[in-house]
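K.L.:
need a 3D model of the following:
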Amino acid sequence: MNALRKKLRVLWRRSCQFLLGLFACYISVLVLGLIPMNIGFKPPRAGGVTIYVVSSSVHADLFLPVRFEDIDWNDDFKHIKTRAAVPRDDYMAIGWGDRGFYLETPTWSDLKLTTAANALLVPSAACIHIDFTSPKYFSSATPITISAEQYRALVSFVRSSIKRDQNGLAIPIEGYAYGYSDGFIEAHGSYHLLNTCNSWIGRALAHSGVTTPWLTPLPHMPTLYVSSEPPSTK
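P.N.:
This next block holds a predicted model:
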């Protein structure tokens, strides 16, 4: 019995050391990830496109104008059925995340420990959630003004994340929605601890030239270097 207890104590100690080592590595990666990209970014003095990032304590979404010049997200998602006819002339919220977590957790009361653990610890399939809504309904919306050219780069990144069928149409995930104006589509990529919904937002902003940390896996990290001051008009 004493020998068994000794072995269990050794196993427990080694397990704790292993977990502490992993945690230390993760923190080190996060610290290195704070290195800023696109340091020279400045919002355009006039014109441009205002996008928004809405972040919660866990998730983040991009809010993009449904229409801008020749870009119309209705063309991309006109075949995505919502539960009710909704205006598609304001903004579209779009977020990338773990497929299982997205589809199985419509509310926090539906959250299961196994779902959360699988999303973070096991590389898993991703999907995209879209919602035709407006940033004015979200007090945490962070505005970012970028040039038309930068917006096109951002749109290119977002579109590259979407899985499409042989006809080039986004592949819907039927039977899943949170409300009356949203839906889910298949996405490229694999979700894990260092590649989260916030990471996707960070890469999208970096692709469009906005100053962001090198890595952004945690909430609010994508907009860490975004100025709250409006662009100068001088």
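
K.L.:
buried stuff in the helix or strand where residue 183 lies?
P.N.:
Per DSSP states H and E: residue 183 is located in strand 182-191. By 16 or more other C-beta atoms under 10 Å, the buried positions in strand 182-191 come out as 182, 183, 184, 185, 186, 187, 189, 191. In short, each C-beta sits where N, CA and C put it, glycine included.

K.L.:
helices and strands around that strand, which ones?
P.N.:
strand 91-98, helix 99-104, strand 124-133 (3 or more C-beta pairs under 8 Å, 6 or more residues apart in numbering; DSSP states H and E).

K.L.:
mind redoing it with 10 Å?
P.N.:
Judged by 3 or more C-beta pairs under 10 Å, 6 or more residues apart in numbering; DSSP states H and E, the packing partners of strand 182-191 are helix 73-77, strand 91-98, helix 99-104, helix 113-121, strand 124-133, helix 197-207.

K.L.:
quick one: secondary structure of residue 150?
P.N.:
helix (DSSP: H, G, I helix; E, B strand; the rest coil).

K.L.:
residues contacting the nearest residue to residue 133 once chain neighbours are set aside?
P.N.:
Spatial nearest neighbour of residue 133, chain neighbours left out: residue 93 (5.5 Å); criterion: C-beta to C-beta, 6 or more residues apart in numbering. Residues near residue 93 by C-beta atoms under 10 Å, 6 or more residues apart in numbering: 52, 54, 61-64, 129-135, 137-138, 141, 181-182.

K.L.:
among these, name the buried ones.
P.N.:
Burial by neighbour count, 16+ other C-beta under 10 Å: within the contacts of residue 93 this picks out 52, 54, 61-64, 129-133, 135, 138, 141, 181-182.

K.L.:
circling back to that earlier point, got the helices and strands packed on strand 182-191 as TSV, with mean pLDDT and distance to residue 40 columns?
P.N.:
Listed next are those as TSV, based on pLDDT from 0 to 100; distance: least, C-beta to C-beta, whole Å:
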stretch	mean pLDDT	distance to residue 40
helix 73-77	92	29
strand 91-98	94	27
helix 99-104	84	35
helix 113-121	58	34
strand 124-133	93	30
helix 197-207	95	13
